[in-house]
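1. dropping the sequence and predicted coords here.
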Amino acid sequence: MSASSVSRRRILSLWLPRLPIDRIQRFLGSAGLGKPPHPSIVVIKDNNALVIHVLDEAAERLGLYIGQPLANARAMCPDLRVFDADVVADAKTLSDIADWCDRFTPLVALDPPHGLFLDITGCAHLFGSEAALLKTLIRALARQGFAVGAAIAGTSVCARTLTRQASSSIVADGGEAAAIERFPVSALGAGEAITTGLRRAGLKTIGDVAARAPSEITARFGARFSTLLAHALGQGDAPINPRKPLPDYIVEKRFAEPIATDTMIAMTLSRLADTLIASMEKQGKGARRLEAAFFRTDGVVRMIMVETGRPVTRSAVIDRLFRERLDALADPLDPGFGFDMVRLSASRTEIVVQEQRDLDAHVHDNDELAALIDRIAARIGGKRVVVHLPQDTHIPECAAMAAPAQHHLAAAMQAEWPARVESEPPLRPLRLFDKPEPVTVPFATVPDGPPHQFTWRRAKHAVVRVEGPERIAMEWWRQDGKQLTRDYFRIEDAEGLRFWIFRDGLYEGEVFDADGKPAPPNWYVHGLFA
């Protein structure tokens, strides 16, 4: 990427310095407990000692600071309210905020532990200007109970530095160096060792460091720090790493007055589907994966995804699939105080292949079957609608593979299974147990004969008819020799029930006891015949 193209990028850095304590206070407020009346801190263990991880404004006014031992903090403020750090919950909250920030741009990246990057290149005009976008974002998060810092610059490193030193700043292209030159070198976030080394060398501000020759800085502090400094000064920048890939097509609708009724939600999705289909149709594409995002006024974002077996080119199909999905939600779509934005995106698309549909009845049948599978998958989940594909193996439990029907329907329809001999009973049951179930065999004809009776699920069965054995040796090149040879028998008992039973191992050949002497093999029932 050239320097000119980098300079045109616009990055918004978002920082939530009190995220852990804000999360806790939001939870207490939602539980009706209210904000703690005393100064509050979050502590974390560091070198077997509890130290302050995050503190609220009241605690900061008392002179407490991050990294201070808890014992010292309690001595300064006996009424201190202390909470344990929960890094997982903090990360979940940051991820939720990142989802909410999707309303501004689909390119949102994490800046751990309490920050985000938003690539707003080409997006600011949708909100009036960069200043209006920044103001809207800060106000909205403040209403949700978060302390927020934000800034906009041409590079992510510069924007991040400004966020922590001069929140609400907006730096024009080419003005990065002048904007941060007065800040202390610690603002670069290069680490304690490098920051200390810079100060000892008399370089106290970023401007002091920038005034030195790049080769001198590289020789003393390394290439990584030189690159970081160059990015902070606007001299190139590494691209951010968005949390989600950019969808192929996006359409959205914003509302001045939030919507909350099912009718309005359905109408909005229908109109967005029409627009989405029209956009894809221009390029001859259809959607295979669709995602609807509902942005609530209180910051909660709900996302619903549907997949299809074939590219969708009609908005009516999209309506039906999302209606099935919404009706089947275990956690219904709660509008709260209403949705102020609804987005529909196609994250996976394919070129639509034209087929002769007027004369070929099989094409119509395939379309109807694929549509039925899509509707069922939208209601109960795509992983629950499966087809079975034959596998090139003679091991019974591996002879068929269950695969999602939406993605393997064509392969399943063309699959070739072993043909059944006419007027002969099936050689194997249609369905096998997930795991072979052990049976007790008091005696059997050795070395490779069937049992005369067996006990399965505490019921005794007398054997009256037997077919077999069918010997199956395991695939030693895959199993590392750990699987034993099996002899399968088709058995009918006195009650007319038919079983598929196997002996796991050969007599006096593969099964030995702890002393190395031959031991009787185990028997299992693997399936039942109808």
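-> Noted; the coordinates are in hand.

2. please enumerate the helices of the stretch 201-350 of the chain.
-> Using DSSP state H, counting those that start in this stretch, the helices of the stretch 201-350 of the chain run over residues 206-210, 214-221, 223-232, 262-281, 315-327.

3. to Leu16, which of these lies closest?
-> Proximity to Leu16 (C-beta to C-beta) singles out helix 223-232 among those, at 21.2 Å. Every residue, glycine included, has its C-beta placed from N, CA and C.

4. tilt between that closest one and helix 214-221?
-> 130 degrees (axes from the mean of the first three to the mean of the last three C-alpha atoms, to 10 degrees).

5. contacts for helix 223-232?
-> Outside helix 223-232, the residues that touch it by C-beta atoms under 8 Å, 6 or more residues apart in numbering are 155-158, 161, 176, 180, 188, 190, 194, 206, 209-210, 214, 217-218, 236-238.

6. ok, of these, which come out buried?
-> Neighbour-count burial (16 or more other C-beta atoms under 10 Å) applied to those gives 155-158, 161, 176, 180, 188, 190, 194, 206, 209-210, 217, 237.

7. the helices in the stretch 351-500 of the chain, which residues?
-> Under DSSP H, counting those that start in this stretch, the stretch 351-500 of the chain gives helices at 361-380, 405-414, 476-479.

8. those helices into TSV, with extra columns for mean neighbour count and mean pLDDT?
-> Putting those into TSV (neighbours: other C-beta atoms under 10 Å; pLDDT from 0 to 100) gives the following:
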stretch	mean neighbour count	mean pLDDT
helix 361-380	16	75
helix 405-414	16	81
helix 476-479	10	70
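
9. now these in CSV, with distance to Val301?
-> Output for those, formatted as CSV (distance: least, C-beta to C-beta, whole Å):
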stretch, distance to Val301
helix 361-380, 20
helix 405-414, 26
helix 476-479, 45
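
10. nearest residue to Thr393 other than its sequence neighbours?
-> Ala399 (6.0 Å; C-beta to C-beta, 6 or more residues apart in numbering).

11. next: Lys285.
-> Thr349 (4.5 Å).

12. for that neighbour, which residues are in contact?
-> Applying C-beta under 8 Å, 6+ apart, the residues near Thr349 are 248-249, 280, 285-288, 311.

13. again, but for Asp46
-> Gly67.

14. hey, what's it bridged with?
-> Counting by DSSP bridges, Asp46 is bridged to Ala49.

15. residues touching stretch 201-213, excluding its own?
-> For stretch 201-213, the external contacting residues (C-beta under 8 Å, 6+ apart) are 161, 177, 180-185, 187-188, 198, 217, 220, 229, 232-233.

16. mind running it again at 6 Å?
-> 180-181, 183, 233 (C-beta atoms under 6 Å, 6 or more residues apart in numbering).

17. low-confidence regions, the stretch 251-400 of the chain specifically.
-> For the stretch 251-400 of the chain, applying pLDDT under 70 flags the ranges 354-366.

18. returning to that earlier point: quick one: which of the helices of the stretch 201-350 of the chain is nearest Ile44?
-> Checked against C-beta to C-beta, the stretch from those lying closest is helix 223-232, at 26.2 Å.

19. name the helix or strand for Leu110, please.
-> strand 108-111 (DSSP states H and E).

20. what residues of that strand count as buried?
-> Those would be 108-111, for strand 108-111 by 16+ other C-beta under 10 Å.

21. roughly how far out does it sit from the chain middle?
-> 15 Å (C-alpha atoms, centre = their mean, to the nearest Å).

22. beyond it, next helix or strand please.
-> strand 115-119.

23. partner strands of that next one, with direction?
-> strand 11-15 (antiparallel), strand 108-111 (antiparallel).

24. any idea how far it is from the chain center?
-> Computed by C-alpha atoms, centre = their mean, the separation of strand 115-119 from the middle of its chain amounts to 19 Å.

25. so for that strand, mean pLDDT?
-> Averaging pLDDT along strand 115-119 gives 95.

26. strands along the stretch 151-300 of the chain, start to end?
-> 249-259, 285-296 (DSSP state E, counting those that start in this stretch).

27. turn the ones you listed into a markdown table, including mean neighbour count.
-> Listed next are those as a markdown table, based on neighbours: other C-beta atoms under 10 Å:
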| stretch | mean neighbour count |
| --- | --- |
| strand 249-259 | 15 |
| strand 285-296 | 21 |
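
28. could these be laid out in a markdown table, adding distance to Gly202?
-> A markdown table is the format used below for the strands of the stretch 151-300 of the chain (distance: least, C-beta to C-beta, whole Å):
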| stretch | distance to Gly202 |
| --- | --- |
| strand 249-259 | 51 |
| strand 285-296 | 50 |
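
29. of all those, which one is nearest Pro332?
-> strand 285-296 (11.9 Å).

30. how about low-confidence regions in the stretch 401-530 of the chain?
-> 478-482.

31. for Val439, list each beta-bridge partner.
-> Under the criterion used (DSSP bridges), Val439 bridges to Trp523.

32. contacting residues around it?
-> 454, 456, 523, 525.

33. closest to Asp90 among those residues?
-> Val525 (51.6 Å).

34. may I see the buried residues of the host helix or strand of the closest one?
-> Using DSSP H and E, Val525 maps to strand 522-528. Neighbour counts over strand 522-528 (16+ other C-beta under 10 Å) mark 522-527 as buried.

35. how about stretch 464-471?
-> 466, 468-470.

36. farthest pair within the residues you listed?
-> The most widely separated members of those, counting by C-beta to C-beta, are Val466 and Glu470 (11.6 Å).

37. now the contacts of Val439 as JSON lines including distance to Pro335?
-> Rendered in JSON lines, the data for the contacts of Val439 read as follows (distance: C-beta to C-beta, whole Å):
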{"residue": "Phe454", "distance to Pro335": "60"}
{"residue": "Trp456", "distance to Pro335": "54"}
{"residue": "Trp523", "distance to Pro335": "59"}
{"residue": "Val525", "distance to Pro335": "53"}
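
38. from these, which two are the most distant?
-> Trp456 and Trp523, at 9.3 Å, using C-beta to C-beta across the contacts of Val439.

39. check contacts around Val511.
-> Counting by C-beta under 6 Å, 6+ apart, Val511 has contacts 505, 519, 521.

40. in contact with the second one: list those residues for me.
-> By C-beta under 6 Å, 6+ apart, the residues touching Ala519 are 511-513.

41. at 10 Å instead, please
-> 505, 507-508, 510-513 (C-beta atoms under 10 Å, 6 or more residues apart in numbering).

42. excluding chain neighbours, what is closest to it?
-> Asp513 is the one closest to Ala519 (C-beta to C-beta, 6+ apart), at 4.3 Å.

43. phi, psi for the one you found please.
-> phi -90, psi -170 (degrees, to the nearest 10).
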